[in-house]
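K.L.:
Starting from these lines, generate the structure:
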Amino acid sequence: MISLNNLRALNLSHKIILKILSVFVPLWLIFHIINLLSCDHGIDPKNWAEPGFSGKITFMGKIPPKDSLYDLRLVVYKKYPPPNFFEFVKFSDSIPLNQNPYQYTMLIQPGTYEYIVVAQQYGPNLFLHWRAVGFYSLLPGKQFPSAITIDENTFLTNIDITVDFDHLPIQPFLNINNTRTLNSYSFY
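P.N.:
Numbering: from 1, shown residues only. The predicted structure is shown next:
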């Protein structure tokens, strides 16, 4: 059975809680209304971007047969020429040949990247059978790659690459004999 003293204590507790709520709820509402009114819609996308770059890869020439086209990827290197194929910074998923041109996006840490290349795995050996089939270059004749610099909050566009399967570029990756090759020719 509830005594009269218990009811008075309960009623007093109820009044205290109501008094506290009557002060804090309006303050809470005022704070959030001011916060919402002062909001300028978050971070302006014109002034902020996730670092990276995008472009298109255009394919020309006779596409190699399936037995010599195991994989095709966009690969990014800090230095040119890279010491070997596997010292990359980042690589893409497989590039489909049925989309020409192929639009790509690469998110990457800020930095300078000297070699952005489309690489083809041309044989079954994942560790040996890779070659460059196209790279990003602004230079006439596209004999040498152009570097890009990604700053904090910078996203570059139009980093376009042409892959001409009939005219492959100089191969910068060392082969098993520690030589670099240009098609079937070797040089040191």
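K.L.:
use CA for all of it now, contacts and neighbours both
P.N.:
Will do.
K.L.:
in the protein, which spans are strands?
P.N.:
For the chain, strands defined by DSSP state E occupy the ranges 52-60, 71-77, 90-91, 102-107, 111-113, 115-121, 130-135, 148-150, 155-156, 161-164, 180-182, 185-187.
K.L.:
what residues does the third one touch?
P.N.:
Strand 90-91 is contacted from outside by 73-77, 108, using CA atoms under 8 Å, 6 or more residues apart in numbering.
K.L.:
mind running it again at 7 Å?
P.N.:
The contact list for strand 90-91 (CA atoms under 7 Å, 6 or more residues apart in numbering) reads 73-76.
K.L.:
Including distance to Asp151, could the residues you listed go into CSV?
P.N.:
Formatted as CSV, the contacts of strand 90-91 follow (distance: CA to CA, whole Å):
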residue, distance to Asp151
Arg73, 24
Leu74, 20
Val75, 19
Val76, 16
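K.L.:
Between those residues, which sits nearest Asp160?
P.N.:
Of all these, Leu74 has the smallest distance to Asp160: 11.3 Å, by CA to CA.
K.L.:
If you tally nearby residues, what's the number for that closest one?
P.N.:
22 (other CA atoms under 10 Å).
K.L.:
isn't it right up against Val118?
P.N.:
Yes. Using CA atoms under 7 Å, Leu74 makes contact with Val118 at a distance of 4.5 Å.
K.L.:
Tell me the confidence at Ser68?
P.N.:
For Ser68, the pLDDT comes out at 89.
K.L.:
what residues are up against the closest residue in space to it that isn't next to it in sequence?
P.N.:
Once flanking residues are discounted, Ser68 sits nearest to Tyr122: 4.4 Å by CA to CA, 6 or more residues apart in numbering. By CA under 7 Å, 6+ apart, the contact set of Tyr122 is 68-70, 129-130.
K.L.:
can you do 6 Å?
P.N.:
Going by CA atoms under 6 Å, 6 or more residues apart in numbering, Tyr122 touches 68-70, 129.
K.L.:
The protein: helices as residue ranges?
P.N.:
Under the criterion DSSP state H, helices of the chain are mapped to 4-38.
K.L.:
quick one, domains of it?
P.N.:
1-39, 52-187 (automatic domain parsing).
K.L.:
Least reliable of these by average pLDDT, please.
P.N.:
Here the domains of the chain differ in mean pLDDT, and the lowest is domain 1-39 at a mean of 61.
K.L.:
isn't Thr149 right up against Tyr115?
P.N.:
No. Judged on CA atoms under 6 Å, Thr149 makes no contact with Tyr115 at a distance of 11.1 Å.
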